[in-house]
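**Q** The following comprises the amino acid sequence and a computationally predicted model.
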Amino acid sequence: SELIPADAGRAYELDRRHVFHSWSAQAKIDPMVVTKAAGSYLWDGEGNRLLDFTSQLVFTNLGHQHPRIVAAIQEQAASLCTIAPSHVNSARSEAARLITSHTPGGLDRIFFTNGGADANEHAIRMARLHTGRHKVLSTYRSYHGGTSLAINVTGDPRRWPNDTGTSGTVHFFGPFLYRSAFAATTEDEECTRALEHLQSVIELEGPDTIAAIVLESIPGTAGIMVPPPGYLRGVRDLCDRHGILYIADEVMSGFGRSGRWFAVEHDQVVPDLLTFAKGVNSGYVPLGGVAISEGVCATFAERPYPGGLTYSGHPLACAAAVATIRTMEDDRVVEHAAELGRTVFGPGLRELADRHEWIGDVRGTGAFWAVELVGDRTTREPLAPYGASSPVMDAILAACRRRGLLPFANFNRIHVVPPLTITPAEAKAGLSILDQSLAGVSMNNA
Ligand code: PLP
C-alpha cells in the first residue's frame, strides 16, 4: 500500500514508540511483527512461517484471508461502508437471520455489539431490567471481557486489579474434575456436587436478588473445562426454579469451535440470552452480539431498551458474518471441527500424554483443546503458578516457535485452538512440533 509501509523493522519501531498494548507492562514486551497470513499460517517479521495453533485470540475460525470473507467485505465496502444503526441495512438483516437460524430454539432476535465484552454487558443489563433484580452469579476460572462489568464478572486474575465498585457480582465454582473444588473423583460426582454448591450459593445470596447466571458453556481461556453431561441442564433447572435468567457466554465456544454450532447443544440447553463474537465472522471486522429469547424481547416491546452503540450491526462486520456463516454451512466446517477432535486432536494429544510425564491432563472437544502441564503427576503441581508463567513454560513455547508453531498458552496450559479449517495433515504437523518441543525441554530449563 502507498499509505502503510510494509517494512517490518519500521512497523516494529513505530509500534514500540506509539502503540499502547493490552494487559501488558509496556517496557517489558517484545511483540511479534506479522507481515502476512494465509489459511492456517502466518509469517513473522524475519520471514519465518508459523502454523497458527492459536487462531489469534481464538477468533480466526476460518483461517486467515479466507477469499469468501475478503470478497464480501470488499463488495460491502464498495456499496455501503457504514450507516447508523437506526436504519435497516441488508448486511445486518441477513446476518441476523443466519445467526438465528443456528442459535438454539427460540433465541430469535439479535442485538449487535462491537465484541464480546459489550455483548455480556448488554446481556446483563437486559437481565437486570427483565427481572428487576441486580446480582449476577458467574464462575471462578472464567473470562467475560475487559470492560467494567464484564471484568467484574470474570473469574481470572485479570479481574484482580479491576475489581472496584459494587458490581453485584458473586463468584461460584463450576465443574472441573482435574482440580475439583468438591473432592470429586468422577465426572458424575463433580456434576452433582457442583450443582449442589450452586444451589447453596443461590440460597445464601437470596434467590430474589439474582438477575442472572453468566456461564461460558465451555470455559475457554480459563482452561477449556468441558462440563460433565447434565451440568448445563442442571444450571437451567436451577435458573427456572428461582426465576433467574441463564446467560450463555459463547464468545469463544460458539460458531463451531466445540464441534457444534454452539456448545450449549452438547447438553441440549436453551439459555435465555446467548452472547457471541469472535467466530461469528472469524474476527475479520469487530462484531459481537446478544441472541435474545422471546420472553426477554417482550420486556422491551413497549418499553425502550436503554442501551445502544454507534456501530451496532456495522455493515462491513455483518457482511463478513454472512460470508463466514454461509461458508461454514457450505463447507461443513462445524462437522470438520468435530471430526478433527475425534480423530486427530483427542487421540493425538492423549498419545503425547503417554510420552510426556509433565502432561497432567488432556481435555477438549472439536478444535478446542487444553493440555495441562504439571511438575508432578501425583501432586498435580502446575508448571507455572496461577496467574503467571514460568521459565520452563517459556522454554517450551520458545521451542515451539523455533520449530514453526505458534502456540497458545495460559499459565501452565497449552491450548490447541487452530482454525476450524485446518487440514488433518497440518494439525498432525502441529502436534508433532509440540511433541518435539516437549521432548527438547527439560526441568533444567526451569
Ligand atoms: N467472553 C469470552 C468467553 C471470551 O473468551 C472473551 C474474549 O476472549 C470475551 C468474552 C470478551 O470478548 P472481547 O475481547 O471481544 O470483548
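**A** Looks like it arrived, so ask away.
**Q** Next up, the contacts around the nearest residue to Arg260 once chain neighbours are set aside.
**A** Of all residues not flanking Arg260 in the chain, His266 sits nearest, at 6.1 Å (CB to CB, 6 or more residues apart in numbering). Yep, even glycine has a C-beta here, placed from its N, CA and C like the rest. Neighbouring residues of His266 by CB atoms under 8 Å, 6 or more residues apart in numbering: Ser217, Val226, Pro229, Leu232, Ser258, Arg260, Thr365.
**Q** can you pull the contacts of whichever residue of the stretch 101-250 of the chain sits closest to the ligand?
**A** In the stretch 101-250 of the chain, the residue that lies nearest the ligand is Gly116 (2.3 Å; CB to the nearest ligand atom). Neighbouring residues of Gly116 by CB under 8 Å, 6+ apart: His144, Gly145, Ala150, Asp249, Val251, Met252, Thr275, Phe276, Ala277, Lys278, Gly288.
**Q** Pull out the buried positions in stretch 183-197.
**A** Within stretch 183-197, the residues that count as buried by 16 or more other CB atoms under 10 Å are Ala184, Glu187, Glu189, Glu190, Cys191, Thr192, Arg193, Ala194, Leu195, His197.
**Q** And Ala95, how far from Gly145?
**A** As judged by CB to CB, to the nearest Å, Ala95 and Gly145 stand 21 Å apart.
**Q** Point out the residues in the stretch 251-400 of the chain that sit beside the ligand.
**A** Residues of the stretch 251-400 of the chain found near the ligand (CB under 6 Å from any ligand atom) are Val251, Met252, Ala277, Gly288.
**Q** residues contacting the residue nearest to Thr221 when sequence neighbours are not counted?
**A** Nearest non-adjacent residue to Thr221, counting by CB to CB, 6+ apart: Tyr143, 4.6 Å away. By CB under 8 Å, 6+ apart, the contact set of Tyr143 is Thr154, Gly155, Asp156, Arg158, Glu216, Pro219, Gly220, Thr221, Ala222.
**Q** can you pull the pLDDT of the residue most central in space within the chain?
**A** What sits nearest the mean C-alpha location of the chain, by CA atoms, centre = their mean, is Met252, with 2.1 Å. We have a pLDDT of 98 for Met252.
**Q** just checking, it touches Gln56?
**A** No - the criterion here is CB atoms under 8 Å, and Met252 misses it with Gln56 at 11.8 Å.
**Q** who wins for neighbours among the contacts of His266?
**A** The residue in the contacts of His266 with the most neighbours, by other CB atoms under 10 Å, is Ser258 (29 neighbours).
**Q** Now it. Nearest residue, chain neighbours left out?
**A** Per CB to CB, 6+ apart, closest to Ser258 is Gly366, 4.5 Å.
**Q** repeat for Ala399
**A** Ser437 (3.7 Å).
**Q** How is this protein partitioned into domains?
**A** Annotated domains of the chain cover 8-65+332-445, 68-330 [automatic domain parsing].
**Q** deepest of these, which one?
**A** domain 68-330 (a mean of 20; mean count of other CB atoms under 10 Å).
**Q** Distance of Phe255 relative to the ligand?
**A** 12 Å (CB to the nearest ligand atom, to the nearest Å).
**Q** was I right about that residue contacting Glu265?
**A** No - at 12.0 Å, Phe255 does not count as touching Glu265 under the criterion of CB under 8 Å.
**Q** those helices in the stretch 251-400 of the chain, which residues are they?
**A** 294-299, 315-330, 333-340, 346-355, 391-402 (DSSP state H, counting those that start in this stretch).
**Q** Could you do the stretch 101-250 of the chain as well?
**A** Under DSSP H, counting those that start in this stretch, the stretch 101-250 of the chain gives helices at 116-131, 148-153, 187-205, 231-242.
**Q** and the stretch 1-150 of the chain, which of its residues are near the ligand?
**A** So the stretch 1-150 of the chain meets the ligand at Leu57, Gly115, Gly116, Ala117, Asn120, Tyr143, His144, Gly145 (CB under 6 Å from any ligand atom).
**Q** Greatest separation within those residues: which pair is it?
**A** Leu57 and Asn120 (15.6 Å; CB to CB).
**Q** Low-confidence bits of this structure, can you list those?
**A** Scanning the chain for pLDDT under 70 picks out 1-3, 5, 166, 443-446.
**Q** Regarding it, what is its longest strand?
**A** The single longest strand within the chain, with elements called by DSSP state E, is strand 368-376.
**Q** Please name every helix or strand in contact with that one.
**A** helix 346-355, strand 359-365, strand 381-382, strand 413-416 (3 or more CB pairs under 8 Å, 6 or more residues apart in numbering; DSSP states H and E).
**Q** Can you check which of those gets nearest to Glu46?
**A** strand 413-416 (23.3 Å).
**Q** what is the orientation angle of the following helix or strand past the closest one with strand 359-365?
**A** The element immediately downstream of strand 413-416 (helix or strand, assigned by DSSP states H and E) is helix 424-440. Put simply, helix 424-440 runs at 160 degrees to strand 359-365, going by axes from the mean of the first three to the mean of the last three CA atoms, to 10 degrees.
**Q** now for helix 424-440, which elements pack on it?
**A** The helices and strands touching helix 424-440, judged by 3+ CB pairs under 8 Å, 6+ apart, are strand 49-52, helix 346-355, helix 391-402, strand 405-406, strand 413-416.
**Q** Right, I'll call it a day here.
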